[in-house]
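Colleague: sequence-free structure coming up:
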């Protein structure tokens, strides 16, 4: 019979998977921001991929209710403030 992995090995694996996942999310977010900035800088001369991503992101942000972005920003600020105050 095979042995089950130890608890610390599973925790280390989950930590590594979480880091890789957040790295992928951050890379995708940076790609969208880069496409938006390139679309602003290049304007009509930008590639179709850049303009399509920028148009999709712009339409998404315009369709959000006005208070949602402000509320999310306030929640993120509050979370960061509370987390900085908690002892480690």
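Modeller: Thanks, I have it. Everything quoted here is computed from the prediction, not taken from an experiment.
Colleague: Now do the buried residues in the longest helix anywhere in the chain.
Modeller: When every helix of the chain is counted residue by residue (DSSP state H), the longest turns out to be helix 7-42. Within helix 7-42, the residues that count as buried by 16 or more other Cβ atoms under 10 Å are 35, 36, 38, 39. Where C-beta positions appear, they are placed from N, C-alpha and C, glycine not excepted.
Colleague: ok, the first one touching residue 53?
Modeller: Yes - taking Cβ atoms under 8 Å as the definition, residue 35 is a contact partner of residue 53 at 4.0 Å.
Colleague: on that earlier part again, so for the longest helix of the chain, mean pLDDT?
Modeller: Averaging pLDDT along helix 7-42 gives 91.
Colleague: Remind me what it packs against, helices and strands.
Modeller: helix 48-63 (3 or more Cβ pairs under 8 Å, 6 or more residues apart in numbering; DSSP states H and E).
Colleague: Show me which residues of the helix it packs on are buried.
Modeller: Buried, per 16+ other Cβ under 10 Å, within helix 48-63: 50, 51, 53, 54.
Colleague: and those as CSV, adding pLDDT and distance to residue 8?
Modeller: Output for the buried residues of helix 48-63, formatted as CSV (pLDDT from 0 to 100; distance: Cβ to Cβ, whole Å):
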residue, pLDDT, distance to residue 8
50, 86, 45
51, 87, 49
53, 88, 41
54, 88, 45
